[in-house]
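In: need a structure here:
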Amino acid sequence: MKHSDYFKINTWNTDLLGRLMPEGILNYFQENAEQHALKLGFGYKDMTERKLFWVLNSIEFEMTQYPTFKDQIEVKTWSRGAERFYGLRDYQILNSEGNIICRAASSWLLVDSIKKRPVKPAQFIADKDIVSENSLEVDFSRPDIPDNNPDLKIIRKSSYPDFDINGHVNNAKYLRWVSSMIDIEYWNKMMLKRAKINFMHETKPGDVLEISKFQSGDCFLFSGRNLTIDNESFRAKLNFEKI
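Out: Numbers count the residues shown, from 1 in each chain. Next up is the predicted model:
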């Protein structure tokens, strides 16, 4: 079963050119997924009562066109079932004319909030609710990070605006962090064509991250290392093309 939500692009989700910002895409996906999960009986409240919660493991999206200020969009999602410990969820964004302008795929872990261990999600996903259609071909593997010195390295301490109700940094914030490491002049002449983020370890309040950027042409790779607990928090890959 597919599920759709409808949104209007507002000022707080747009960039200097009036385009939907990349982190806005992930925010719409989150809302869309939660509304669908509520219908199917495994939304935030349902899983909290079972002492479980969903954690995004990986997400990748590809854009063909960006909606702009005041545009109406349809965000569509569906479950592709589960593979071992991963729940699979795909998305599409359609413009007001019904054309697909974004395709995305994601994988999620279902975690026991007491034991802090993953739980197989297949038991919560009914066969009748599964749609086998692939929105975007992905493999969910982590981007390879170069061995050479980064082009830019920053230190960022997680703070109040970064966190969500689950107590860790929200997935859209990671995309905001890496987007801020690319010059505004570059954003003004380029379009983010494809983005991928792999979330490896959660970031908690007060954690300090060292984020490294590597650029090769119009491809940017990022690695975020949590200096507080000495592990890699996330990796990201952003591919651009000229407007």
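In: Tell me who's in contact with the nearest residue to residue 104 once chain neighbours are set aside.
Out: Computed as C-beta to C-beta, 6 or more residues apart in numbering, the closest residue to residue 104 that is not its neighbour in sequence is residue 61, at 3.7 Å. Heads up, the C-betas are built off the backbone N, CA and C, glycines and all. Applying C-beta atoms under 8 Å, 6 or more residues apart in numbering to residue 61 gives the contacts 25, 29, 91, 102-105, 136, 194-195.
In: beta partners of residue 61?
Out: Here residue 61 shows beta-bridge partners residue 104, residue 195, assigned using DSSP bridges.
In: what's the helix or strand hosting residue 29 packed up against?
Out: Using DSSP states H and E, residue 29 maps to helix 22-40. Packing partners of helix 22-40 (3 or more C-beta pairs under 8 Å, 6 or more residues apart in numbering; DSSP states H and E): strand 3-8, helix 44-49, strand 52-63, strand 72-83, strand 86-94, strand 100-112, helix 171-179.
In: ok, of the ones you listed, where does mean pLDDT dip lowest?
Out: Per-stretch mean pLDDT for the helices and strands packed on helix 22-40 is lowest at helix 44-49 (a mean of 86).
In: Quick check: buried residues in that helix?
Out: residue 47 (16 or more other C-beta atoms under 10 Å).
In: do the same with stretch 193-211
Out: 193-199, 202-203, 207, 209, 211.
In: can you tell me which two in those are farthest apart?
Out: Spatially, the most separated pair among the buried residues of stretch 193-211 is 193 and 207, at 30.8 Å (C-beta to C-beta).
In: quick one on the thing from earlier: give me the angle between the helix holding residue 29 and strand 100-112.
Out: 60 degrees (axes from the mean of the first three to the mean of the last three C-alpha atoms, to 10 degrees).
In: just the CA coordinates of helix 22-40, formatted as CSV?
Out: Provided in CSV are the C-alpha atoms of helix 22-40 (Å, rounded to 0.1, in the frame of the first residue of the first chain):
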residue,chain,number,x,y,z
PRO,A,22,18.3,19.3,0.6
GLU,A,23,17.5,18.9,4.3
GLY,A,24,13.9,19.8,3.5
ILE,A,25,13.7,16.8,1.3
LEU,A,26,14.6,14.5,4.3
ASN,A,27,12.2,16.4,6.6
TYR,A,28,9.3,15.7,4.2
PHE,A,29,10.4,12.1,3.9
GLN,A,30,10.3,11.7,7.7
GLU,A,31,6.8,13.2,8.0
ASN,A,32,5.6,11.1,5.1
ALA,A,33,7.1,7.9,6.6
GLU,A,34,5.6,8.5,10.0
GLN,A,35,2.1,9.2,8.7
HIS,A,36,2.3,5.9,6.7
ALA,A,37,3.6,4.0,9.6
LEU,A,38,0.8,5.3,11.8
LYS,A,39,-1.7,3.9,9.3
LEU,A,40,0.0,0.5,9.4
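In: Can you lay out the buried residues of stretch 193-211 as TSV showing pLDDT and secondary structure?
Out: Shown next, in TSV, are the buried residues of stretch 193-211 (pLDDT from 0 to 100; DSSP: H, G, I helix; E, B strand; the rest coil):
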residue	pLDDT	secondary structure
193	98	strand
194	98	strand
195	98	strand
196	98	strand
197	98	strand
198	98	strand
199	98	strand
202	91	coil
203	95	coil
207	97	coil
209	98	strand
211	98	strand
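In: Find out how far stretch 216-226 is from the centre of the chain, if you would.
Out: Its chain's average C-alpha position is 16 Å from that of stretch 216-226, according to C-alpha atoms, centre = their mean, to the nearest Å.
In: tell me the mean pLDDT over that stretch?
Out: 98.
In: coming back round to it: columns distance to residue 36 on top of the helices and strands packed on helix 22-40, output as a markdown table?
Out: Below are the helices and strands packed on helix 22-40 laid out as a markdown table (distance: least, C-beta to C-beta, whole Å):
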| stretch | distance to residue 36 |
| --- | --- |
| strand 3-8 | 4 |
| helix 44-49 | 12 |
| strand 52-63 | 12 |
| strand 72-83 | 5 |
| strand 86-94 | 8 |
| strand 100-112 | 12 |
| helix 171-179 | 17 |
